[in-house]
Structure formats: C-alpha cells, structure tokens
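Visitor: Here's my sequence, what's the structure:
(12 chains)
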There are 12 protein chains.
Amino acid sequence: MSGVYKKIEIVGTSPTSFAEATRAAIEEASKSIRHMAWFEVVEQRGAIKDGKVSEFQVTLRVGFKLE
Amino acid sequence: MSGVYKKIEIVGTSPTSFAEATRAAIEEASKSIRHMAWFEVVEQRGAIKDGKVSEFQVTLRVGFKLE
Amino acid sequence: MSGVYKKIEIVGTSPTSFAEATRAAIEEASKSIRHMAWFEVVEQRGAIKDGKVSEFQVTLRVGFKLE
Amino acid sequence: MSGVYKKIEIVGTSPTSFAEATRAAIEEASKSIRHMAWFEVVEQRGAIKDGKVSEFQVTLRVGFKLE
Amino acid sequence: MSGVYKKIEIVGTSPTSFAEATRAAIEEASKSIRHMAWFEVVEQRGAIKDGKVSEFQVTLRVGFKLE
Amino acid sequence: MSGVYKKIEIVGTSPTSFAEATRAAIEEASKSIRHMAWFEVVEQRGAIKDGKVSEFQVTLRVGFKLE
Amino acid sequence: MSGVYKKIEIVGTSPTSFAEATRAAIEEASKSIRHMAWFEVVEQRGAIKDGKVSEFQVTLRVGFKLE
Amino acid sequence: MSGVYKKIEIVGTSPTSFAEATRAAIEEASKSIRHMAWFEVVEQRGAIKDGKVSEFQVTLRVGFKLE
Amino acid sequence: MSGVYKKIEIVGTSPTSFAEATRAAIEEASKSIRHMAWFEVVEQRGAIKDGKVSEFQVTLRVGFKLE
Amino acid sequence: MSGVYKKIEIVGTSPTSFAEATRAAIEEASKSIRHMAWFEVVEQRGAIKDGKVSEFQVTLRVGFKLE
Amino acid sequence: MSGVYKKIEIVGTSPTSFAEATRAAIEEASKSIRHMAWFEVVEQRGAIKDGKVSEFQVTLRVGFKLE
Amino acid sequence: MSGVYKKIEIVGTSPTSFAEATRAAIEEASKSIRHMAWFEVVEQRGAIKDGKVSEFQVTLRVGFKLE
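Guide: Presented below is the predicted three-dimensional model:
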C-alpha cells in the first residue's frame, strides 16, 4: 500500500441491516474524505422498540491515504 | 437513559442470515421481557452441512429497564 | 461431538455482503475438506473504491472432523 | 466461598459519578436478589448533553449464591 | 441447533479440582433449568489457605433452549 | 440514534479524580466539536510523584453526529 | 528453539475431563504430524445432557517444526 | 523516560470509592518502593454486604525506575 | 478483604495434569510468601514429546496481603 | 502531563522494517500535527510478494496536546 | 482482493532481531506455499541465555489465495 | 521446562529501536535475576519530540526459574 494512512472511527445506522448501516457510514464519510481504501468492523449493536429491532448500528474503522 | 438496566445473553438461529437470527432472538425474547432497549452482537457462528452453511447463529447481549 | 477436530482459518470475499462472503468461503473450502461441521466469524473487513464499499471480506475459523 | 453462584449483568446510571451509578445498580438489584457477594466493573460509558457529561453509566457483573 | 437459546453465567466451587467445580455448577443449575445444551469456561480462579489450594472456582457460561 | 456518527479519542487529566479528568476532557472537546452524544472509558492511568497519585488520566472515546 | 515452526488448531473431546480431551487431541494429531513441540489451550467448552456434563471439549494450538 | 523500569501489580481496597482504593494502594506501596512513576488501572471489583457496596477494590499496575 | 495486596505471576509444571501444576506452583511459592489468599489462571500450555503430552504448564496470578 | 490530549490512529509503511515504518508515520503526521507527545503500537502487519516480505505496515495511536 | 484465502500460523526465529525472524518464517513458508499475500504479527517472544537475548521468536498469521 | 518459574514485568527504553530497548531491559534485569529463561513482548510504545521518535519503550514479561 506504501505511504502513510490515517484511520478514523465512524458509526453507521440503518433500520434494515448491518450491511446497509455499513454502506451508509462509508457513503457519508466519502463526502469529506478522499482516498478511503479499507474498513474494519469494530462493533455491531442496535436499538429495540416494542420488542423488535428498530435500528442496526455498526462501528467501522476506516483507513485512507494522507496526501 | 436513567434508571437501572439488566443485560441478558441470548442466541438466535436462522437458516438464511445473521440478520434473521438477530430478529428471531429479539422477537422470542420479547415474549417474556418488556422494555428491551438495545442489543450488542457478542459472537457470530454457524453450522455447516454437506459443505454449505446450514444455520447462522448470533449471540446477543440485550439490555432492558428494571421496573 | 466426540472424536478429534481440526480448525482452519479462511477468508471469503464478496461484492455484495458479509453473508455472501461467508457462503463463498465455505463452498470453496468444501472442495478440499470433507466433514466440515461449524464456523466462527473472526473478523469482518472490506475494501472501499470511489467512496463506496467495493468488497466485503470475512475471516472464518472452520471446524471439521479428522478421520 | 463454597457452593454455587450465579452472575448477572446490570447497568447503573447517575448524573454525578461512576461511584453513584455503581451504588444505584447494586441497591436496585438488592430488591429482588438476596445474598449478593461481589461485583466486577465491565464497562464505563456515559451520555453528553450540551457539551457536558449528563449521565455516568456503569455495567457490573454481580455474583450471588444460589440457595 | 435451531430455535432461541439463553446463556447464563454460573460459578462452581470444589476443594479438589476444576473438573469437580464444573460438574457441581452444572448439576446445581440443572435443578432449576431444563434443556441445558452446552457450557463455555470463562474464568478459572481459586482460594489459598495456609499455603495450599483450598478451593477451585470455575465460571461457566451455560446455554439452554427457550421453550 | 439514526444518521452517521464519528468517534474520536481524547485524554483528560486531573489532580483530583478520574471523574474530574472525564469532565475536563469533555468540556475541552466541546470547544471544537458540536453534537457530542456519548463517551466510552477506554483506559485509566495516572502519574505518581513522591509516593502519591499526582495526576489521574482517563482516555475516552467520544461519539458525535456528523452534519 | 531455532528454525521455523507451524501452529495448527485442533479440538479434542472426552467424556471424563479436559485433561483426557487434551491427551486425545495430541495423540490423534501425532498420527499425521511429526515433531510436535508444544501446545497452548485456547478454549474449554463442553456438552450437557440430562443436566450433567456429557463431554469435555478443549481447543489447542499445537506447534511443530517444519522440516 | 530513559532507563529500565519494573512494573508490579497491587490491589487497593476502600469502603468509600475506587479513587480512595487507588490512593491507598499507591501510598502503601510507597513504603517499600522508591521512584514510582505511573500506574495503570487493570481491574475494578468490589464486595457487597446486605445489598450494599461494602468495599471497592482496584487492581493497579505500577511502574518504577530500577536503580 | 480490606488492606493492600500484591499480585505476582508464577508458572507451575507437572507431568500429570494442570491441577498438579497448579498445586506445585502454589506450594513452591508458599516457601517465600506468606498470606497468599487467591489465584487466577492466566494461561495453560504444555510440552509434547514423541507425540504425547510430556508436561502441563499453568501460569497463575497469585494475590497476597502486604503487611 | 496535565491538559487535554487527542489520540489519532495512523499507519506507516516501509520496505525495510517496522522501525522505519514507525518513523515514516510519525514524520508524515508531524507535517500537520504539532505537539505530538507519545505513540502506542496497535498492530503490525505486512505485504508479501514472490515469497518475500515486500512491505512492513505498523498502526500507531499517537497522542498530542490540544491547545 | 476477490476470491477465497487461507490463513496459516507460523513461527520464525532469529538470533538477531524480530525483523529477521519475520523474514525467515516467510521465506521458509514460501517453499511450500504459493501466492502468499500478507502477514499479521500475532506474538513476539524470545529466549534468554546467560542474561542476554539469545533468540527472537515471532508468530505470524499468513494469508494466501486458494487456487 | 520442569520446576516452578516466576514472571516479572519490565520496561526497556532506547533512542534507536525496540530491539535495543528489549536488549537493554534484559541486560539490566540480569544484574539482579539469575536463570532468566524467556521473555514475552507485552506492549510497544514510545515518546515523540519535535515531530520525531525520541524513545522506543518496550514492556516485557520475563520468566525465570525459582531455586
């Protein structure tokens, strides 16, 4: 990969799945960060309402190249 | 969140996905526990039969308010 | 489960989801290993391209019976 | 300590400190559990409102003797 | 394994070995819980008296099916 | 919680307690970050001088909403 | 120890104890691997039947010299 | 910090708080160890009596310079 | 438990079992340390010779009161 | 150390060693961050090409004072 | 990276440094494994003789593509 | 290895590398401890001055035989 990278931690949320929460987080982050290269799943949690899963929450560590 | 909460650990299973196993566990638990507020994914495992995934198993820690 | 088992570590990849990456890894492994019985998710990562998730990567530990 | 013990996980909250959150959790639990013998701190978190700590949250594992 | 399971944490004690402490904990738990299916060793500790091991203590996580 | 969040890691210090170090870190961070929502205690350390605790140091992970 | 070693992961089972499960795993592995030098206990679990421990399961990492 | 340091593990206890247990441990250790420089909190536990916290126990790793 | 305690780490070995290795370590340590109160199992490993377990090795953390 | 610190995570790479990867990461980070005070090694990985180590990669957590 | 990968665990040794132990392990493994792509450092240990480091030992997890 | 061993934790420092910090720690420890047999790397940190690594710090657990 060569060069120096920075890693940040973001949390995505979705009413439907962890996969959607992951995509939402990456797409939101792409608005301010260029050159994102990989992510690592750090934590998976969620909210419950009226006895059902109401929200999936995924914490990601995202790596991107410093220019 | 204020007040005192209890956390229990449950395992959900599904032939199709971890997401379904998560929903199944929360819905079964909601039959006997009221006021569930959040869950944390603790472990993801599964069974294999004839060289294919036959079951997704997810262990959750679930928090609910003590009344 | 009785008997002696071996565990190996494999990494599956998929452009669509961790579930697909899991299935791909198990099916590839089934070509050379018989009697696979269970798997454990060890790590979930992924690649990012042009600000979007381009690949889901899942590391599994797979247990199978030694004959 | 002899005998068999059970451990449960509870979360206490307090606006002032982790120590108060710990005491609140133990005292609430003592309403329904007798013979509590020890606790272990598992996690310390909190809520923030208007740039200040608004709540301290402590997760405890509590051991008590089965009769 | 199909269905939904609950996991509880218990601590067994024995003056002779971790194996005996494990059996004691499972047998005590079987008095109030039906359908226990598996256990995981979480922690092994013990007490010392007059320079000798006086008690073996084992913490187990036990899974059983919810009916 | 809905939306996308970022988590940063900060270290607060105080001559009197971990609670004060926590408050100091959150209040300093609030000068440049809006919408902080929660914190997690990651590490507790301290300095010793002349055989006494001279400083409490607490590392926090702080979550806030991306706008 | 000099030279290069490989580590594999195996699971032994026994109806009587973790010690027996450990010995069973090592002896089975010795049929196909020469020069095993050490093992590390990674996990201890077991099965329960009719309220009693029916099987002890131990996961070992085993190191052996590559020739 | 330059030079070589040793780290030891001590446990402090207090009826009032973890902060007091920390101070008690450091001050007791200072009777036999000179040049203590820092501590790390390793574990926080406590005893319960009659449904109330009766003792706070904190395990510290303490670093000091070897002369 | 009140007072201040120190914890040290010792490794016991035995040709027959982890239980024997545990007892051997505690009894050896009791020659130079008084007031040992408890131990925690930190690691279980062993040596293999000619395809059989030749030595069980157990690492313990032992707590004792400082006088 | 007094005051409030922030920690960021960076990844350095080098074809020759982890030490060089560490230095490269710190020097690159120093272009945009002043007052860096310490680093912690979080992860060590690398790339392999044609059966040889082609790149050393080190992930560091770096602490610096907030002004 | 697309496709399915396997990860194995190897231990390299060297009298001079962890870097040399890493290179030795990868080069030995390359004799029997093709398409190695990356490694992760899992553990760093060593042997001591006559009060000096006599051997550096590094445990690596190595990933390679299944064909 | 037979017999009973003790493990202590030491921290070595060096301006040039982790390898030098490791050697410095072992050589300093050898002045007061005989029969050191092995070490394990527990933590790698360092100090930064003027945007450059000024000190490498390595924490080791060292095992030696009790006589």
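
Visitor: A:Met1: what's it in contact with?
Guide: Taking C-beta atoms under 8 Å, 6 or more residues apart in numbering or on different chains as the contact definition, A:Met1 lies against A:37, A:65, J:11, J:13, J:47, J:55, J:57. Backbone N, C-alpha and C define where each C-beta goes, glycine included.

Visitor: Relative to its centre, which residue of chain A is most distant?
Guide: Taking C-alpha atoms, centre = their mean, the residue of chain A most remote from its mean C-alpha position is A:Asp50, at 26.2 Å.

Visitor: how about that residue, phi and psi?
Guide: When quoted as degrees, to the nearest 10, the phi and psi of A:Asp50 stand at phi 50, psi 40.

Visitor: Quick check: neighbours of the host helix or strand of A:Lys6 in the sheet, parallel or antiparallel?
Guide: For A:Lys6, the element it lies in under DSSP states H and E is strand A:5-14. Strand A:5-14 has these partner strands in its sheet, going by DSSP bridges: strand A:52-65 (antiparallel), strand F:5-14 (antiparallel), strand J:5-14 (antiparallel).

Visitor: The lowest-mean-pLDDT helix or strand in chain A near chain J anywhere?
Guide: The least trusted helix or strand in chain A, going by mean pLDDT, DSSP states H and E, turns out to be helix A:18-29, with a mean of 95. No: contact between helix A:18-29 and chain J is absent, the nearest approach being 14.8 Å (criterion: C-beta under 8 Å from any C-beta of the partner chain).

Visitor: which residues touch that helix?
Guide: Under C-beta under 8 Å, 6+ apart, the answer for helix A:18-29 is A:8, A:10-14, A:36, A:39, A:41, A:44, A:56-58, A:60, A:62, B:18-19, C:17-19, C:46, C:48, C:51-53, C:56, F:4, F:66.

Visitor: avg pLDDT for stretch A:36-43?
Guide: Per-residue pLDDT over stretch A:36-43 has a mean of 98.

Visitor: buried set for stretch A:27-46?
Guide: Using 16 or more other C-beta atoms under 10 Å in any protein chain shown as the burial criterion, the residues of stretch A:27-46 that qualify are A:28-30, A:33, A:36, A:38-41, A:44-46.

Visitor: Same question for stretch A:50-62.
Guide: A:51, A:53, A:55-62.

Visitor: thought A:Gly46 was touching A:Phe56?
Guide: Yes: the pair A:Gly46 and A:Phe56 qualifies as a contact (C-beta atoms under 8 Å) at a distance of 4.9 Å.

Visitor: Contact partners for A:Lys49?
Guide: Counted by C-beta under 8 Å, 6+ apart, A:Lys49 has zero contacts.

Visitor: Angles on the backbone of it, please.
Guide: Backbone torsions of A:Lys49, given as degrees, to the nearest 10, read phi -140, psi 130.

Visitor: that's a helix at A:Ala47, yeah?
Guide: No: remark: A:Ala47 does not belong to a helix; assigned using DSSP: H, G, I helix; E, B strand; the rest coil, it is strand.

Visitor: Touching, it and A:Gln57? I think so.
Guide: Yes: using C-beta under 8 Å, A:Ala47 is in contact with A:Gln57, at 7.2 Å.

Visitor: distance of the residue of chain A at minimum distance from chain L from chain D?
Guide: Nearest to chain L, among the residues of chain A, is A:Val4, at 13.3 Å (C-beta to the nearest C-beta). Going from A:Val4 to chain D by C-beta to the nearest C-beta, to the nearest Å gives 32 Å.

Visitor: Neighbours of that residue, how many?
Guide: Other residues near A:Val4 come to 20 when the count uses other C-beta atoms under 10 Å in any protein chain shown.

Visitor: pLDDT score assigned to A:Ser17?
Guide: Residue-level pLDDT assigned to A:Ser17 equals 91.

Visitor: Nearest spatial neighbour of the residue of chain A found nearest chain E, chain-adjacent residues omitted?
Guide: Of all residues in chain A, A:Gly51 sits closest to chain E, with a separation of 13.3 Å (C-beta to the nearest C-beta). Nearest-residue entry for A:Gly51: B:Ser30, 2.9 Å, with adjacent residues in sequence omitted and distances by C-beta to C-beta, 6 or more residues apart in numbering or on different chains.

Visitor: ok, the residue of chain A closest to chain E touching B:Ser32?
Guide: No: counting by C-beta under 8 Å, A:Gly51 sits too far from B:Ser32 to count as a contact (10.4 Å).

Visitor: so A:Phe39 sits right up against C:Gly51, yeah?
Guide: No: between A:Phe39 and C:Gly51 there is no contact, the gap being 11.8 Å when judged by C-beta under 8 Å.
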